[in-house]
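Engineer: based on what follows, work out the 3D shape:
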Amino acid sequence: MLEKNEERSKERGKIHLAGTVTSKAQLENKSRQSYDALLARLIHHQLTCTNNNNESEWSRPWDGHLSGPGAASLAQYAIMLDLSDAALQLAWWKVCSRIPTADAVWVLSRLQEVQAAISKNLYQDEELLELRSSFCSFIRDHTERLKNLHKTFPPSSGIIARRQLTFTLKALQCMQNHAGTRALLDLEGLPPLHEMVTSSLATHAKNWWMTVIEELRGVRTTDEQISHVINIVKESHSFLSIAANAYDSIFMKEMNIPYMQTTYLMVSKKVNPCVRPLVMNIYNRLPSLDTEEEEETECEYRLEVGTSLWELYMNLGRLYQLSERLPAEARAESGVREYHRWFSKGVLRWLELAMCRARSMIKRAVELDMLEPQDKYCKFSSSASDTLGIFNDIKIWWQKLAWPDLENSAVLLTKILDNICSCVLCYSNLIREKVESIFHQYENSTRVFITEQICVGLNNIERVRTEMVKLPTQFGFSELLQKIRESDSGGESAATQLDATVETLIVSAAENTEAKLNEFIDTMLDKMQPTLERAVNEACEERSTVLAQVLDPSLELTMNQLNNSNFKRFLWRVWEVVVDIFTATVMKNSERRKANYFGGVHTILEETLKFFSPPDGKGLDETTAKTPAYTSLMELLESLRMSSESLIAQYYQERYEEQMEEILPCKARLYVKILFTKPGKLIVEVIMAKDMVVEADACSITSRGGGLGLHTSHQPVDSYVKVQLVPQEWFPATAIRKTKTQRKQDPAVYEETFEYEMSKTDDGVRAGFLLLTLKDYNLGFSNTFIGEAVIPLSSLPCVDSSQVHTVTNSCLTMTTPGLDIGYKSLRALQFRTGDKVASAFIKKVSKRLIEPKGKANTSMGKSNDDKARSKSPNMRERLKLS
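Structural biologist: Numbers count the residues shown, from 1 in each chain. Take a look at the predicted model:
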């Protein structure tokens with residue numbers, strides 16, 4: 001029936017119904033705390049769903065936003081409870097201030113809203129109690145979090161952690177600065193938040209240090225202690241680096257807390273007792289270096305790259321460098337401020353070891369060196385490179401050491417440079433000894449034997465010397481001195497003193513090395529000298545250029561193998577030795593050889609100079625090569641290769657030149673007229689003499705003045721003039737003429753004329769001289785020589801016989817020869833002891849030479865008319881010295 005009715009039912013229309021299901025609470029019994037509970041549940045649900053409840057992840061702090069349904073429910077509930085804005089802000093602050101993962105920026109905004117409400121007195125006493133409790137909880141929670149600073153705000157999280165720390169500190173500082181919140185905190189008896197934060201940070205550092213120092217527990221051996229201390233210093237550096245780079249600026253900016261400074265001072269003062277006693281004890285127990293065996297066995301605690309103590313020193317240096325950003329007064333309190341002084345003995349120990357090892361390595365390098373160029377581009381061998389490599393290793397060690405004490409650093413560097421200079425001298429000596437052993441293999445050779453090895457050895461010394469001079473620059477000594485001058489301690493005087501010390505050191509070492517180079521060359525020349533002497537003697541005897549054949553192969557080798565400075569130095573010394581050999585040869589043969597021998601020597605010496613100074617410029621400069629020794633030898637040879645007569649003529653030429661220069665005192669004035677006539681006559685008219693000066697010896701019986709000592713007489717004398725043509729050997733047919741004696745006359749008038757038959761056109765005549773001698777006549781005794789004048793015949797005028805009256809008179813200065821003048825011609829003549837002409841002339845002239853005053857001579861007068869004042873018995877020897 002029912003089914004039938006259903007089948008017959010028809011749809012007549014639709015009715016829409018709407019309804020709600022609700023519950024109504026007894027709101028009059030509900031308080032704001034229920035809103036707080038609902039808010040806490042919704043926030044917990046939000047954090048759980050978004051996985052933002054893990055504070056260590058720091059992926060994204062919660063920014064205070066709830067999901068849509070949750071926010072709607074919370075808003076509806078607030079409406080139902082009829083909560084004011086101030087009450088809502090209080091609720092949100094109380095709940096959110098307890099959430100560690102809440103965004104600090106959002107939390108700060110909640111705090112500021114609550115503070116604004118407090119300022120408007122919108123809270124009742126009960127609500128203020130709640131706020132006071134929440135503020136204290138917030139402060140305690142965050143100060144506790146700061147005790148685990150690295151975990152709470154991990155530096156690895158970068159900008160997120162720094163942002164959260166920044167605004168957390170801002171929130172704390174905001175509580176401190178706001179009057180309302182500060183009043184509530186004072187009621188709780190809390191200290192200033194600045195002190196609480198500082199205390200938390202100190203606790204954080206102490207807790208970290210206690211964790212680190214645990215590494216030293218149970219450590220017994222020194223090596224283990226060093227290893228663990230190195231780790232502690234490393235971790236300290238890492239900890240302080242994080243403090244400086246990640247946190248210091250934030251704490252300083254937000255709360256004016258010098259976090260890096262306080263933490264650095266605490267850590268550095270903790271590090272000091274861990275490291276200093278250990279290092280000092282190690283170096284105090286090291287034995288002194290007395291033997292090489294001790295040096296080899298003691299290597300465990302060397303302060304060199306790669307050792308544990310070196311690593312410890314470098315880590316302490318990096319730790320100390322972190323203090324550079326701190327104020328000066330803070331740096332002065334650093335526990336590692338003088339860390340380098342703990343290693344002072346280690347540095348001195350290393351320098352001592354380095355000196356021994358360097359000498360040993362240099363010696364070994366020289367022993368293994370074959371003295372062959374390393375390649376075609378350089379002219380030095382392996383030992384030079386090895387030696388410079390040793391110096392470079394020392395430089396690298398010094399640069400890595402980076403000794404922080406500037407003045408002490410300069411003193412240490414001075415010692416290092418001194419040690420290196422000593423090694424350079426040691427190397428120079430070793431190379432010289434090695435080359436000397438090569439020379440011993442070729443003694444008594446028929447030619448100068450110079451090998452490539454010898455040249456390379458010389459180049460090695462020069463190479464090392466050149467680099468030694470650059471050492472102060474390579475070690476940065478000038479920059480170090482500049483830092484000392486600019487330092488706060490005012491080290492201008494210390495820098496100046498150190499600069500002078502190092503400059504003196506390098507200059508002295510360079511000079512000593514230069515002396516070693518010269519000794520090296522002198523050693524070569526000592527071996528070469530017998531060969532050179534034989535070559536010079538053979539060349540002089542045979543008048544040939546045998547010397548070039550002896551030297552040429554070796555000099556070609558030295559020019560190719562030696563560097564330019566060494567080649568010039570070597571060539572110069574060879575030239576000096578060759579000149580000395582020529583000089584010795586000439587002096588040895590001067591008394592027994594004839595003029596033609598010296599003429600040959602003169603030619604050979606000229607050719608030798610050309611050999612040493614070729615026109616291509618590869619040898620010596622010709623002008624420079626003409627040294628005083630060479631010039632003096634050439635002048636002597638010029639004289640020795642002349643005949644005795646020519647030398648006598650040269651002597652009169654020298655007398656004429658000094659007479660014209662008036663370099664000798666005037667003994668009288670002689671007026672004459674001298675000329676040639678074209679028909680072939682020489683006319684000499686002696687007119688007058690005046691102003692005659694006679695030097696008399698009081699002890700001689702020839703003196704007119706008696707026993708008054710050596711004096712100069714201006715009294716009238718019995719004078720006459722002797723006229724002769726010289727050299728006498730060129731004019732054998734001409735007689736010596738004399739004027740009449742004028743007694744007691746000054747001026748003395750002679751007015752006598754002498755004529756000689758000769759023509760000026762004759763070459764032999766023109767080469768001669770006219771000698772006018774003024775004497776004081778002594779009856780029965782030798783006549784006194786007053787002075788003489790020399791006139792070259794070539795300088796006389798030649799006129800017709802009818803024009804004789806047109807020739808003017810001449811005033812001649814009468815002088816005496818001076819022993820101190822040093823006549824080159826007399827020097828050559830005195831060598832010719834076997835030549836009668838030379839000996840006779842020397843004997844004659846020596847009577848007229850002026851002797852130094854003060855020497856009296858008691859010799860009796862002689863009858864020879866040409867004898868003048870007394871002469872010294874060693875006149876010939878004195879001529880040799882002139």
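Engineer: show me where the stretch 51-200 of the chain has its helices.
Structural biologist: 68-81, 85-96, 104-119, 125-146, 149-152, 159-177, 179-188, 193-213 (DSSP state H, counting those that start in this stretch).
Engineer: deepest of these, which one?
Structural biologist: With neighbours taken as mean count of other Cβ atoms under 10 Å, these reach their highest mean count in helix 85-96, at a mean of 21. The way it works is simple: take the backbone N, C-alpha and C, and place the C-beta from them, glycine included.
Engineer: what angle sits between that helix and helix 125-146?
Structural biologist: Counting by axes from the mean of the first three to the mean of the last three Cα atoms, to 10 degrees, helix 85-96 lies at 30 degrees to helix 125-146.
Engineer: just checking, what packs against helix 85-96?
Structural biologist: helix 32-49, helix 104-119, helix 125-146 (3 or more Cβ pairs under 8 Å, 6 or more residues apart in numbering; DSSP states H and E).
Engineer: let's go with 10 Å and repeat that
Structural biologist: Under the contact criterion of 3 or more Cβ pairs under 10 Å, 6 or more residues apart in numbering; DSSP states H and E, helix 85-96 touches helix 32-49, helix 68-81, helix 104-119, helix 125-146.
Engineer: neighbours of Met587, just the number please.
Structural biologist: Met587 has 12 neighbours, counted by other Cβ atoms under 10 Å.
Engineer: what about it, which helix or strand?
Structural biologist: Met587 belongs to helix 564-589 when assigned by DSSP states H and E.
Engineer: next SSE after that helix?
Structural biologist: Past helix 564-589, further along toward the C-terminus, the next helix or strand under DSSP H and E is helix 595-612.
Engineer: buried set for the next helix or strand after that following helix?
Structural biologist: Next helix or strand after helix 595-612 toward the C-terminus (DSSP H and E): helix 622-625. Neighbour counts over helix 622-625 (16 or more other Cβ atoms under 10 Å) mark Ala625 as buried.
Engineer: kindly report the same for stretch 778-794.
Structural biologist: Under 16+ other Cβ under 10 Å, the buried positions of stretch 778-794 are 778, 781-791, 793.
Engineer: out of those residues, what pair is the most spread apart?
Structural biologist: Taking Cβ to Cβ as the measure, these span a maximum distance of 33.5 Å, between Phe781 and Leu793.
Engineer: which other residues reach stretch 577-588?
Structural biologist: By Cβ atoms under 10 Å, 6 or more residues apart in numbering, the list of residues contacting stretch 577-588 from outside reads 521-522, 525-526, 528-529, 532-537, 539-541, 547, 551, 593, 597-598, 601-602, 604-605, 608-609, 611-612, 625, 627, 629-634, 636-637, 640, 831.
Engineer: can you do 7 Å?
Structural biologist: Outside stretch 577-588, the residues within contact range by Cβ atoms under 7 Å, 6 or more residues apart in numbering are 525, 529, 532-533, 536-537, 540, 598, 601, 605, 608, 627, 629-630, 633, 636-637.
Engineer: circling back: got the angle between the helix holding Met587 and helix 595-612?
Structural biologist: Compare the direction of helix 564-589 with that of helix 595-612 by the same axes, to 10 degrees and you get 180 degrees.
Engineer: this protein: strands as residue ranges?
Structural biologist: Counting by DSSP state E, one finds strands in the chain at the ranges 668-677, 681-690, 694-696, 711-713, 717-726, 737-738, 742-745, 748-757, 769-776, 784-792, 798-799, 810-814.
Engineer: pick out the shakiest of these, pLDDT-wise.
Structural biologist: Among the strands of the chain, strand 711-713 has the lowest mean pLDDT, at a mean of 50.
Engineer: what residue is smack in the middle of this structure?
Structural biologist: Nearest to the mean C-alpha position of the chain, by Cα atoms, centre = their mean, lies Pro472 at 4.4 Å.
Engineer: quick check, that one in contact with Val502.
Structural biologist: Yes. If you go by Cβ atoms under 7 Å, Pro472 and Val502 touch, sitting 5.8 Å apart.
Engineer: mutual contacts of the two, please.
Structural biologist: Common neighbours of Pro472 and Val502 are listed as Leu417 (criterion: Cβ under 7 Å, 6+ apart).
Engineer: nearest spatial neighbour of Lys744, skipping sequence neighbours?
Structural biologist: Excluding the flanking residues, the one nearest Lys744 by Cβ to Cβ, 6 or more residues apart in numbering is Pro716, at 4.3 Å.
Engineer: gap between the one you found and Lys722?
Structural biologist: For Pro716, the distance to Lys722 (Cβ to Cβ, to the nearest Å) stands at 19 Å.
Engineer: repeat for Glu729
Structural biologist: 18 Å.
Engineer: those two - which one has more neighbours?
Structural biologist: Ranked by neighbour count (other Cβ under 10 Å), Glu729 and Lys722 place Lys722 first, with 18 against 13.
Engineer: mind listing the residues bridging to the more buried one?
Structural biologist: Beta-bridge partners recorded for Lys722 (DSSP bridges): Lys738, Thr773.
Engineer: please apply the same query to the one 4 residues further on.
Structural biologist: Beta-bridge pairing of Val726, defined through DSSP bridges, involves Phe769.
Engineer: tell me who's in contact with it.
Structural biologist: 648, 652, 768-769, 771.
Engineer: between those residues, which sits nearest Asn566?
Structural biologist: Minimum distance to Asn566 across the contacts of Val726 is 48.6 Å, recorded for Ile648 (Cβ to Cβ).
Engineer: now do the helices in the stretch 451-600 of the chain.
Structural biologist: 452-469, 471-474, 477-486, 492-542, 546-561, 564-589, 595-612.
Engineer: out of those helices, which one sits most buried?
Structural biologist: Compared across the helices of the stretch 451-600 of the chain, helix 452-469 shows the largest average neighbour count, a mean of 23 (mean count of other Cβ under 10 Å).
Engineer: got a list of what the residue lying closest to Val114 once chain neighbours are set aside touches?
Structural biologist: Of all residues not flanking Val114 in the chain, Trp93 sits nearest, at 4.8 Å (Cβ to Cβ, 6+ apart). Neighbouring residues of Trp93 by Cβ under 7 Å, 6+ apart: 110-111, 114, 134.
Engineer: between those residues, which is closest to Cys421?
Structural biologist: Taking Cβ to Cβ as the measure, Cys421 lies nearest Leu111 of those, at 72.4 Å.
Engineer: distance of the closest residue to that closest one other than its chain neighbours relative to Val804?
Structural biologist: Leaving aside its chain neighbours, Leu111 sits nearest to Ala171 (5.5 Å; criterion: Cβ to Cβ, 6+ apart). From Ala171 across to Val804, the span is 136 Å (Cβ to Cβ).
Engineer: pLDDT weak spots in the stretch 351-500 of the chain?
Structural biologist: 439-449, 489-490 (pLDDT under 70).
Engineer: backbone torsions only: list them for Asp616.
Structural biologist: phi -80, psi 0 (degrees, to the nearest 10).
Engineer: how close does it get to His65?
Structural biologist: Going from Asp616 to His65 by Cβ to Cβ gives 96 Å.
Engineer: same drill for these two, tell me which one is more crowded.
Structural biologist: A count of neighbours by other Cβ under 10 Å puts His65 above the other of Asp616 and His65, at 12 against 6.
Engineer: list the residues that contact the more buried one.
Structural biologist: Per Cβ under 7 Å, 6+ apart, neighbours of His65: none.
Engineer: Leu430 versus that one, what's the distance?
Structural biologist: To Leu430, His65 is 85 Å away according to Cβ to Cβ.
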